[in-house]
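> Just the structure for this:
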Amino acid sequence: MSSSDVMGTEPEIQDEAERRLWRRIAWRIIPIVGLAYLMSYIDRANLGYVAQPMSRELGLDAAQIGLAGGLFFIGYVLVEVPSNMALRRFGARKWITRIMVTWGLITAMTSWVDSATHLYLARLALGFAEAGLAAGILLYLTFWFPRKVRSWVMATFFLMIPLSSIVGAPLAAALLSWGDALFPLAAWRSLFLVEGVLTLLIAVVVFCLLPDRPTDAKWLSDDDRARVEAALRADEEKRIAGGAISGFGASLRSGRVWGLAIAFFAVVFGLYPLAFFLPTMISTISDAAGGDVNSVLVSAIPAAFAIVVMIIWSRVSGRLSAVTATVVPMAVGAAGLVLATFAGSGFLFVAAVCLSTAGIYSAMPQFWRIPPLALTGAAAAAGIAVINSVSNLSGFVGPYVTGAIHDATGSYTWALLTIAAVMVAGIGVVLTTGRRIETTMDR
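Here you go, the predicted structure:
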(Lines give C-alpha, C1' and ligand atoms only; values in the text may rest on other atoms or scores of the structure.)
Protein backbone atom coordinates (compact mmCIF):
# COMPACT_ATOMS: atom_id res chain seq x y z
CA MET A 1 0.00 0.00 0.00
CA SER A 2 1.49 3.38 -0.99
CA SER A 3 1.39 6.41 1.23
CA SER A 4 -1.35 7.93 -0.92
CA ASP A 5 -3.64 5.05 0.01
CA VAL A 6 -3.64 6.00 3.68
CA MET A 7 -6.62 8.14 4.73
CA GLY A 8 -5.80 11.84 4.82
CA THR A 9 -2.31 11.63 3.36
CA GLU A 10 -1.23 13.91 0.56
CA PRO A 11 -1.22 12.26 -2.89
CA GLU A 12 2.29 11.56 -4.14
CA ILE A 13 3.68 13.45 -7.14
CA GLN A 14 5.07 10.95 -9.62
CA ASP A 15 6.09 13.45 -12.35
CA GLU A 16 9.51 15.00 -11.73
CA ALA A 17 8.67 17.96 -13.98
CA GLU A 18 5.59 18.67 -11.88
CA ARG A 19 7.64 18.41 -8.68
CA ARG A 20 10.11 20.96 -10.03
CA LEU A 21 7.22 23.27 -11.01
CA TRP A 22 5.76 23.35 -7.48
CA ARG A 23 9.20 23.92 -5.98
CA ARG A 24 9.88 26.79 -8.38
CA ILE A 25 6.57 28.42 -7.48
CA ALA A 26 7.28 27.95 -3.78
CA TRP A 27 10.68 29.60 -4.09
CA ARG A 28 9.10 32.61 -5.79
CA ILE A 29 6.08 32.97 -3.49
CA ILE A 30 7.02 31.82 0.02
CA PRO A 31 10.05 34.10 0.58
CA ILE A 32 7.91 37.18 -0.14
CA VAL A 33 4.92 36.34 2.04
CA GLY A 34 7.32 34.72 4.50
CA LEU A 35 9.16 38.02 5.01
CA ALA A 36 5.86 39.73 5.81
CA TYR A 37 4.89 36.96 8.22
CA LEU A 38 8.34 36.98 9.83
CA MET A 39 8.07 40.70 10.57
CA SER A 40 4.59 40.25 12.03
CA TYR A 41 5.89 37.74 14.57
CA ILE A 42 8.92 39.87 15.37
CA ASP A 43 6.55 42.78 16.04
CA ARG A 44 4.33 40.63 18.24
CA ALA A 45 7.23 39.25 20.25
CA ASN A 46 9.15 42.49 20.69
CA LEU A 47 7.16 43.26 23.83
CA GLY A 48 8.71 40.21 25.46
CA TYR A 49 12.20 41.28 24.48
CA VAL A 50 11.85 44.72 26.04
CA ALA A 51 9.59 43.69 28.95
CA GLN A 52 12.22 44.07 31.68
CA PRO A 53 13.75 47.46 30.75
CA MET A 54 10.36 48.88 29.73
CA SER A 55 8.76 47.70 32.98
CA ARG A 56 11.48 49.39 35.00
CA GLU A 57 11.04 52.71 33.17
CA LEU A 58 7.22 52.73 33.01
CA GLY A 59 6.60 50.93 36.33
CA LEU A 60 4.72 47.93 34.91
CA ASP A 61 4.13 44.55 36.59
CA ALA A 62 3.85 41.13 34.90
CA ALA A 63 0.06 41.28 34.61
CA GLN A 64 0.23 44.66 32.86
CA ILE A 65 2.82 43.36 30.40
CA GLY A 66 0.60 40.34 29.77
CA LEU A 67 -2.43 42.58 29.24
CA ALA A 68 -0.51 44.81 26.84
CA GLY A 69 0.58 41.75 24.90
CA GLY A 70 -2.94 40.38 24.83
CA LEU A 71 -4.72 43.59 23.79
CA PHE A 72 -3.12 43.24 20.37
CA PHE A 73 -5.45 40.35 19.65
CA ILE A 74 -8.72 42.19 20.37
CA GLY A 75 -8.54 44.26 17.21
CA TYR A 76 -6.98 41.35 15.38
CA VAL A 77 -9.96 39.09 16.08
CA LEU A 78 -12.61 41.72 15.29
CA VAL A 79 -11.24 42.68 11.88
CA GLU A 80 -9.83 39.42 10.51
CA VAL A 81 -12.94 38.10 8.68
CA PRO A 82 -13.70 41.36 6.80
CA SER A 83 -10.00 41.73 6.07
CA ASN A 84 -9.87 38.32 4.41
CA MET A 85 -12.95 39.10 2.34
CA ALA A 86 -11.26 42.34 1.25
CA LEU A 87 -8.12 40.44 0.25
CA ARG A 88 -10.24 38.11 -1.88
CA ARG A 89 -11.81 41.13 -3.58
CA PHE A 90 -8.84 43.51 -4.01
CA GLY A 91 -6.00 40.97 -4.36
CA ALA A 92 -3.24 39.87 -2.02
CA ARG A 93 -0.59 42.26 -3.33
CA LYS A 94 -2.49 45.46 -2.56
CA TRP A 95 -4.14 44.25 0.62
CA ILE A 96 -1.07 42.78 2.30
CA THR A 97 0.84 45.96 1.43
CA ARG A 98 -1.91 48.04 3.06
CA ILE A 99 -1.75 45.93 6.20
CA MET A 100 2.04 46.23 6.43
CA VAL A 101 2.12 50.01 5.94
CA THR A 102 -0.40 50.66 8.74
CA TRP A 103 1.19 48.27 11.21
CA GLY A 104 4.71 49.49 10.40
CA LEU A 105 3.71 53.07 11.21
CA ILE A 106 2.05 52.07 14.48
CA THR A 107 5.04 49.96 15.56
CA ALA A 108 7.38 52.89 14.93
CA MET A 109 5.13 55.25 16.91
CA THR A 110 5.11 52.82 19.87
CA SER A 111 8.66 54.02 20.60
CA TRP A 112 7.10 57.15 22.15
CA VAL A 113 4.74 55.52 24.70
CA ASP A 114 5.25 56.86 28.21
CA SER A 115 2.62 55.08 30.33
CA ALA A 116 0.72 51.80 30.65
CA THR A 117 -2.34 53.44 29.06
CA HIS A 118 -0.39 54.60 26.02
CA LEU A 119 1.13 51.13 25.66
CA TYR A 120 -2.34 49.53 25.84
CA LEU A 121 -3.64 51.86 23.11
CA ALA A 122 -0.62 51.24 20.89
CA ARG A 123 -0.96 47.46 21.13
CA LEU A 124 -4.72 47.62 20.52
CA ALA A 125 -4.15 49.77 17.41
CA LEU A 126 -1.44 47.40 16.22
CA GLY A 127 -3.91 44.51 16.34
CA PHE A 128 -6.43 46.38 14.19
CA ALA A 129 -3.67 47.31 11.73
CA GLU A 130 -2.17 43.83 11.38
CA ALA A 131 -5.50 41.95 11.33
CA GLY A 132 -5.88 39.68 8.36
CA LEU A 133 -2.22 39.17 7.53
CA ALA A 134 -1.87 35.57 8.72
CA ALA A 135 -5.30 34.44 7.55
CA GLY A 136 -4.81 36.31 4.28
CA ILE A 137 -1.52 34.56 3.56
CA LEU A 138 -3.00 31.17 4.44
CA LEU A 139 -5.86 31.87 2.02
CA TYR A 140 -3.41 33.14 -0.59
CA LEU A 141 -1.41 29.89 -0.46
CA THR A 142 -4.58 27.95 -1.36
CA PHE A 143 -4.73 30.06 -4.56
CA TRP A 144 -1.40 28.53 -5.60
CA PHE A 145 -0.93 25.08 -4.07
CA PRO A 146 -3.28 22.04 -4.21
CA ARG A 147 -3.60 19.42 -1.49
CA LYS A 148 -0.86 17.17 -2.83
CA VAL A 149 1.91 19.67 -2.01
CA ARG A 150 0.38 21.40 1.00
CA SER A 151 2.24 19.46 3.72
CA TRP A 152 5.72 20.67 2.78
CA VAL A 153 4.50 24.07 1.54
CA MET A 154 2.85 24.87 4.87
CA ALA A 155 5.82 23.52 6.81
CA THR A 156 8.20 25.69 4.77
CA PHE A 157 6.06 28.77 5.26
CA PHE A 158 5.63 28.24 9.01
CA LEU A 159 9.40 28.07 9.44
CA MET A 160 9.11 31.86 9.49
CA ILE A 161 7.69 31.79 13.03
CA PRO A 162 10.72 30.23 14.76
CA LEU A 163 12.97 32.08 12.32
CA SER A 164 11.44 35.31 13.61
CA SER A 165 12.85 34.50 17.05
CA ILE A 166 16.28 33.73 15.62
CA VAL A 167 16.28 37.04 13.74
CA GLY A 168 14.36 39.05 16.31
CA ALA A 169 16.31 38.00 19.41
CA PRO A 170 19.79 39.10 18.18
CA LEU A 171 18.25 42.28 16.71
CA ALA A 172 16.61 43.01 20.07
CA ALA A 173 19.81 42.19 21.96
CA ALA A 174 21.84 44.50 19.72
CA LEU A 175 19.40 47.38 20.11
CA LEU A 176 19.12 46.85 23.87
CA SER A 177 22.90 47.12 24.00
CA TRP A 178 23.55 49.97 21.57
CA GLY A 179 20.17 51.46 20.62
CA ASP A 180 20.52 54.45 22.92
CA ALA A 181 23.88 55.26 21.31
CA LEU A 182 22.45 55.06 17.78
CA PHE A 183 19.20 56.96 18.39
CA PRO A 184 18.12 59.76 20.76
CA LEU A 185 15.89 57.25 22.55
CA ALA A 186 16.11 54.70 25.34
CA ALA A 187 17.49 51.42 24.00
CA TRP A 188 14.17 49.56 24.32
CA ARG A 189 12.36 52.35 22.46
CA SER A 190 14.75 52.08 19.51
CA LEU A 191 13.56 48.50 19.00
CA PHE A 192 10.03 49.64 18.09
CA LEU A 193 11.36 52.37 15.78
CA VAL A 194 13.73 50.10 13.85
CA GLU A 195 11.22 47.26 13.47
CA GLY A 196 8.54 49.66 12.25
CA VAL A 197 10.83 51.02 9.55
CA LEU A 198 11.86 47.49 8.49
CA THR A 199 8.18 46.57 8.10
CA LEU A 200 7.61 49.56 5.81
CA LEU A 201 10.57 48.55 3.63
CA ILE A 202 9.28 44.98 3.28
CA ALA A 203 5.85 46.37 2.34
CA VAL A 204 7.52 47.90 -0.72
CA VAL A 205 8.97 44.49 -1.64
CA VAL A 206 5.53 42.87 -1.35
CA PHE A 207 3.89 45.51 -3.54
CA CYS A 208 6.53 45.21 -6.25
CA LEU A 209 7.01 41.43 -6.39
CA LEU A 210 3.92 39.55 -5.19
CA PRO A 211 1.56 38.25 -7.94
CA ASP A 212 -2.09 37.82 -6.94
CA ARG A 213 -2.78 34.56 -8.81
CA PRO A 214 -0.90 32.10 -11.04
CA THR A 215 -2.41 33.88 -14.07
CA ASP A 216 -0.53 37.04 -13.01
CA ALA A 217 2.88 35.34 -12.69
CA LYS A 218 4.93 36.48 -15.67
CA TRP A 219 7.71 34.09 -14.67
CA LEU A 220 5.44 31.11 -15.45
CA SER A 221 5.04 29.87 -19.04
CA ASP A 222 1.57 29.48 -20.54
CA ASP A 223 1.86 25.69 -20.18
CA ASP A 224 2.88 25.98 -16.53
CA ARG A 225 -0.01 28.34 -15.77
CA ALA A 226 -2.44 25.92 -17.39
CA ARG A 227 -0.97 23.02 -15.40
CA VAL A 228 -1.28 24.88 -12.11
CA GLU A 229 -4.83 26.02 -12.82
CA ALA A 230 -5.84 22.48 -13.83
CA ALA A 231 -4.44 21.05 -10.59
CA LEU A 232 -6.25 23.69 -8.53
CA ARG A 233 -9.55 23.09 -10.37
CA ALA A 234 -9.30 19.32 -9.88
CA ASP A 235 -8.56 19.88 -6.19
CA GLU A 236 -11.58 22.16 -5.80
CA GLU A 237 -13.91 19.76 -7.65
CA LYS A 238 -12.87 16.94 -5.33
CA ARG A 239 -13.53 19.08 -2.25
CA ILE A 240 -16.97 20.09 -3.52
CA ALA A 241 -17.80 16.46 -4.28
CA GLY A 242 -16.73 15.59 -0.74
CA GLY A 243 -19.16 18.12 0.74
CA ALA A 244 -16.86 21.11 1.20
CA ILE A 245 -18.64 24.31 2.29
CA SER A 246 -18.59 27.09 -0.33
CA GLY A 247 -20.83 29.88 0.98
CA PHE A 248 -19.83 32.75 3.28
CA GLY A 249 -22.80 32.37 5.63
CA ALA A 250 -22.56 28.59 5.69
CA SER A 251 -18.95 28.76 6.83
CA LEU A 252 -19.85 31.03 9.76
CA ARG A 253 -22.59 28.60 10.84
CA SER A 254 -20.54 25.45 10.33
CA GLY A 255 -19.76 23.27 13.34
CA ARG A 256 -16.67 22.07 11.46
CA VAL A 257 -15.27 25.59 11.26
CA TRP A 258 -15.87 26.34 14.94
CA GLY A 259 -14.50 22.96 15.96
CA LEU A 260 -11.33 23.64 14.00
CA ALA A 261 -11.17 27.14 15.50
CA ILE A 262 -11.23 25.71 19.03
CA ALA A 263 -8.65 23.11 18.04
CA PHE A 264 -6.21 25.68 16.66
CA PHE A 265 -6.76 27.86 19.73
CA ALA A 266 -5.35 24.95 21.74
CA VAL A 267 -2.50 24.31 19.29
CA VAL A 268 -1.10 27.83 19.64
CA PHE A 269 -2.15 28.52 23.23
CA GLY A 270 1.40 28.08 24.48
CA LEU A 271 3.03 30.05 21.71
CA TYR A 272 2.40 33.59 22.88
CA PRO A 273 3.08 33.19 26.62
CA LEU A 274 6.45 31.70 25.69
CA ALA A 275 7.09 34.50 23.19
CA PHE A 276 6.26 37.22 25.71
CA PHE A 277 7.65 35.73 28.92
CA LEU A 278 10.46 33.36 27.91
CA PRO A 279 13.29 35.88 28.34
CA THR A 280 11.91 36.76 31.80
CA MET A 281 11.46 33.06 32.69
CA ILE A 282 15.04 32.30 31.70
CA SER A 283 16.38 35.28 33.61
CA THR A 284 14.39 34.27 36.70
CA ILE A 285 15.33 30.59 36.79
CA SER A 286 19.01 31.20 36.02
CA ASP A 287 19.31 34.28 38.26
CA ALA A 288 21.17 35.99 35.45
CA ALA A 289 22.84 39.18 36.52
CA GLY A 290 22.07 41.97 34.07
CA GLY A 291 20.12 39.35 32.19
CA ASP A 292 18.14 41.53 29.78
CA VAL A 293 20.46 40.86 26.83
CA ASN A 294 21.64 37.37 27.77
CA SER A 295 18.13 36.01 28.38
CA VAL A 296 16.91 37.48 25.09
CA LEU A 297 19.72 35.73 23.22
CA VAL A 298 19.12 32.41 25.01
CA SER A 299 15.42 32.63 24.13
CA ALA A 300 16.38 32.13 20.46
CA ILE A 301 17.70 28.61 21.15
CA PRO A 302 14.26 26.88 21.28
CA ALA A 303 13.35 28.51 17.97
CA ALA A 304 16.53 27.23 16.31
CA PHE A 305 15.82 23.73 17.62
CA ALA A 306 12.23 23.98 16.38
CA ILE A 307 13.35 24.76 12.82
CA VAL A 308 15.38 21.54 12.67
CA VAL A 309 12.48 19.48 14.03
CA MET A 310 9.97 21.14 11.68
CA ILE A 311 12.09 20.28 8.64
CA ILE A 312 12.44 16.65 9.77
CA TRP A 313 8.73 16.37 10.63
CA SER A 314 7.67 17.83 7.27
CA ARG A 315 9.50 14.98 5.53
CA VAL A 316 7.67 12.40 7.65
CA SER A 317 4.25 14.02 7.93
CA GLY A 318 3.29 13.72 4.25
CA ARG A 319 3.02 9.97 4.80
CA LEU A 320 0.65 10.51 7.74
CA SER A 321 -2.90 11.82 7.89
CA ALA A 322 -3.16 15.52 8.67
CA VAL A 323 -4.79 14.71 12.01
CA THR A 324 -2.02 12.34 13.09
CA ALA A 325 0.65 14.75 11.85
CA THR A 326 -0.93 17.43 14.07
CA VAL A 327 -1.69 15.60 17.32
CA VAL A 328 1.70 13.88 17.68
CA PRO A 329 3.69 17.13 17.90
CA MET A 330 0.90 18.69 20.01
CA ALA A 331 1.41 15.91 22.56
CA VAL A 332 5.16 16.52 22.49
CA GLY A 333 4.56 20.24 23.04
CA ALA A 334 2.36 19.62 26.07
CA ALA A 335 4.86 17.14 27.53
CA GLY A 336 7.66 19.70 27.17
CA LEU A 337 5.69 22.26 29.18
CA VAL A 338 5.12 19.75 31.98
CA LEU A 339 8.82 18.83 32.01
CA ALA A 340 9.74 22.53 32.21
CA THR A 341 7.98 22.78 35.58
CA PHE A 342 10.42 20.21 37.00
CA ALA A 343 13.54 21.97 35.69
CA GLY A 344 15.93 22.89 38.46
CA SER A 345 18.37 24.85 36.32
CA GLY A 346 18.36 27.22 33.40
CA PHE A 347 19.85 24.55 31.14
CA LEU A 348 17.14 21.97 31.87
CA PHE A 349 14.42 24.59 31.58
CA VAL A 350 15.63 25.70 28.13
CA ALA A 351 15.90 22.03 27.04
CA ALA A 352 12.27 21.39 28.06
CA VAL A 353 11.12 24.56 26.32
CA CYS A 354 13.00 23.44 23.19
CA LEU A 355 10.92 20.25 23.21
CA SER A 356 7.68 22.15 23.74
CA THR A 357 8.41 24.84 21.16
CA ALA A 358 9.39 22.26 18.55
CA GLY A 359 6.12 20.42 19.17
CA ILE A 360 3.93 23.52 18.91
CA TYR A 361 5.65 24.84 15.80
CA SER A 362 5.59 21.43 14.07
CA ALA A 363 1.86 21.01 14.76
CA MET A 364 0.86 24.39 13.28
CA PRO A 365 1.57 23.79 9.55
CA GLN A 366 0.15 20.27 9.70
CA PHE A 367 -3.09 21.58 11.20
CA TRP A 368 -3.54 23.88 8.19
CA ARG A 369 -3.77 20.86 5.93
CA ILE A 370 -7.21 20.21 7.45
CA PRO A 371 -9.35 23.38 6.89
CA PRO A 372 -8.93 23.51 3.07
CA LEU A 373 -10.42 19.99 2.92
CA ALA A 374 -13.72 21.34 4.25
CA LEU A 375 -13.82 24.83 2.71
CA THR A 376 -13.76 26.38 -0.75
CA GLY A 377 -14.52 29.73 -2.40
CA ALA A 378 -15.94 32.45 -0.12
CA ALA A 379 -16.21 29.88 2.67
CA ALA A 380 -12.45 29.38 2.57
CA ALA A 381 -11.86 33.13 2.97
CA ALA A 382 -14.32 33.44 5.84
CA GLY A 383 -13.63 30.09 7.48
CA ILE A 384 -9.85 30.44 7.53
CA ALA A 385 -10.27 33.92 9.02
CA VAL A 386 -12.66 32.60 11.71
CA ILE A 387 -10.28 29.79 12.65
CA ASN A 388 -7.31 32.12 12.83
CA SER A 389 -9.31 34.78 14.71
CA VAL A 390 -10.46 32.40 17.44
CA SER A 391 -6.99 30.94 17.73
CA ASN A 392 -5.60 34.41 18.23
CA LEU A 393 -7.79 34.86 21.27
CA SER A 394 -5.16 32.62 22.82
CA GLY A 395 -2.79 35.50 22.20
CA PHE A 396 -4.92 37.61 24.53
CA VAL A 397 -5.80 34.95 27.09
CA GLY A 398 -2.43 33.18 27.24
CA PRO A 399 -0.12 36.10 28.11
CA TYR A 400 -2.62 37.70 30.51
CA VAL A 401 -3.30 34.43 32.36
CA THR A 402 0.42 33.67 32.50
CA GLY A 403 1.22 37.07 33.98
CA ALA A 404 -1.69 36.92 36.42
CA ILE A 405 -0.79 33.41 37.64
CA HIS A 406 2.82 34.50 38.12
CA ASP A 407 1.78 37.53 40.15
CA ALA A 408 -0.52 35.36 42.29
CA THR A 409 1.89 32.46 42.89
CA GLY A 410 5.33 33.97 42.48
CA SER A 411 6.35 31.44 39.79
CA TYR A 412 5.45 30.29 36.29
CA THR A 413 4.83 26.63 37.25
CA TRP A 414 1.03 26.71 37.35
CA ALA A 415 0.89 28.85 34.21
CA LEU A 416 2.90 26.24 32.27
CA LEU A 417 0.69 23.42 33.58
CA THR A 418 -2.44 25.35 32.56
CA ILE A 419 -1.10 25.79 29.03
CA ALA A 420 -0.31 22.06 28.84
CA ALA A 421 -3.84 21.15 29.96
CA VAL A 422 -5.38 23.35 27.25
CA MET A 423 -3.20 21.69 24.62
CA VAL A 424 -4.22 18.21 25.78
CA ALA A 425 -7.90 19.20 25.51
CA GLY A 426 -7.19 20.49 22.02
CA ILE A 427 -5.80 17.11 20.99
CA GLY A 428 -9.22 15.61 21.68
CA VAL A 429 -10.93 18.22 19.48
CA VAL A 430 -8.50 17.65 16.59
CA LEU A 431 -9.03 13.89 16.83
CA THR A 432 -12.83 14.25 16.60
CA THR A 433 -13.47 17.19 14.24
CA GLY A 434 -10.42 16.66 12.05
CA ARG A 435 -11.00 12.93 11.67
CA ARG A 436 -14.61 13.51 10.56
CA ILE A 437 -13.43 15.92 7.87
CA GLU A 438 -10.76 13.55 6.58
CA THR A 439 -13.20 10.64 6.51
CA THR A 440 -15.68 12.65 4.41
CA MET A 441 -13.01 13.78 1.94
CA ASP A 442 -11.50 10.31 1.42
CA ARG A 443 -14.68 8.34 0.79
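
> can we go C-alpha only for contacts and neighbour counts from here?
Will do.

> count of neighbours near Ala352?
Neighbours of Ala352 under the rule other CA atoms under 10 Å: 23.

> Any figure for the gap between it and Ile307?
Counting by CA to CA, to the nearest Å, the gap between Ala352 and Ile307 amounts to 16 Å.

> Show me the shaky parts of the protein.
Within the chain, the set of residues satisfying pLDDT under 70 comprises 1-14, 242, 275-276, 279-280, 282-297, 299, 344, 440-443.

> Give me the longest helix you can find in it.
For the chain, the helix that runs over the most residues, judged by DSSP state H, is helix 16-49.

> Return the distance of it from the chain's centre.
Mean C-alpha position of helix 16-49 versus that of the full chain (CA atoms, centre = their mean, to the nearest Å) differs by 11 Å.

> elements contacting the helix or strand just after that helix?
As assigned by DSSP states H and E, the chain's next helix or strand after helix 16-49 is helix 51-58. Using 3 or more CA pairs under 8 Å, 6 or more residues apart in numbering; DSSP states H and E as the contact test, the elements touching helix 51-58 are helix 271-286.

> Now with 10 Å, please.
Under the contact criterion of 3 or more CA pairs under 10 Å, 6 or more residues apart in numbering; DSSP states H and E, the helices and strands touching helix 51-58 comprise helix 62-90, helix 116-130, helix 187-209, helix 271-286, helix 291-298.

> gap between Arg213 and Leu139?
Distance of Arg213 to Leu139, computed by CA to CA: 12 Å.

> Tell me which of these two has more neighbours.
Ranked by neighbour count (other CA under 10 Å), Arg213 and Leu139 place Leu139 first, with 23 against 16.

> Tell me which stretches of the stretch 201-350 of the chain form helices.
Listed in chain order, the helices of the stretch 201-350 of the chain (DSSP state H, counting those that start in this stretch) span 222-241, 248-253, 255-267, 271-286, 291-298, 301-317, 322-340, 346-367.

> residue nearest the centroid of this protein?
The geometric centre of the chain, computed from its C-alpha atoms, lies nearest to Ile161 (CA atoms, centre = their mean), at 5.9 Å.

> List the contacts of it.
Ile161 makes contact with Gly34, Tyr37, Leu38, Met39, Ser40, Tyr41, Ile42, Ala303, Ala306, Ile307, Tyr361 under the criterion CA atoms under 10 Å, 6 or more residues apart in numbering.

> can you put those in JSON lines and add neighbour count and distance to Thr117?
Listed next are these as JSON lines, based on neighbours: other CA atoms under 10 Å; distance: CA to CA, whole Å:
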{"residue": "Gly34", "neighbour count": "18", "distance to Thr117": "32"}
{"residue": "Tyr37", "neighbour count": "22", "distance to Thr117": "28"}
{"residue": "Leu38", "neighbour count": "24", "distance to Thr117": "27"}
{"residue": "Met39", "neighbour count": "23", "distance to Thr117": "25"}
{"residue": "Ser40", "neighbour count": "22", "distance to Thr117": "23"}
{"residue": "Tyr41", "neighbour count": "20", "distance to Thr117": "23"}
{"residue": "Ile42", "neighbour count": "26", "distance to Thr117": "22"}
{"residue": "Ala303", "neighbour count": "24", "distance to Thr117": "31"}
{"residue": "Ala306", "neighbour count": "24", "distance to Thr117": "35"}
{"residue": "Ile307", "neighbour count": "24", "distance to Thr117": "37"}
{"residue": "Tyr361", "neighbour count": "26", "distance to Thr117": "33"}
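
> can the residues you listed go into TSV with extra columns for distance to Thr402?
Written out in TSV, the entries for those read as follows (distance: CA to CA, whole Å):
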residue	distance to Thr402
Gly34	29
Tyr37	25
Leu38	24
Met39	24
Ser40	22
Tyr41	19
Ile42	20
Ala303	20
Ala306	22
Ile307	25
Tyr361	20
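
> Report the separation between Ser40 and Arg24.
Counting by CA to CA, the gap from Ser40 to Arg24 is 25 Å.

> try Ala186
When distances are taken as CA to CA, Ala186 and Arg24 turn out to be 44 Å apart.

> Would you confirm that Ala261 contacts Asn388?
Yes. Between Ala261 and Asn388 a contact is recorded at 6.8 Å, counting by CA atoms under 10 Å.

> Touching both of Arg213 and Leu139, which residues are there?
By the contact definition CA under 10 Å, 6+ apart, Arg213 and Leu139 are jointly contacted by Ala92.

> Looking at Ala186 and Arg24, which is more packed in?
Set side by side, Ala186 and Arg24 give different neighbour counts by other CA under 10 Å, the larger being at Ala186 (20 against 13).

> so who does the more buried one touch?
The contact partners of Ala186, taken as CA under 10 Å, 6+ apart, are Pro53, Met54, Glu57, Ser111, Trp112, Leu175, Leu176, Trp178, Gly179, Asp180.

> got a list of what the residue lying closest to the first one once chain neighbours are set aside touches?
This points to Pro53. Spatial nearest neighbour of Pro53, excluding adjacent residues (CA to CA, 6 or more residues apart in numbering): Trp188 at 6.8 Å. By CA under 10 Å, 6+ apart, the contact set of Trp188 is 46-47, 49-54, 57, 111, 172-173, 175-180.
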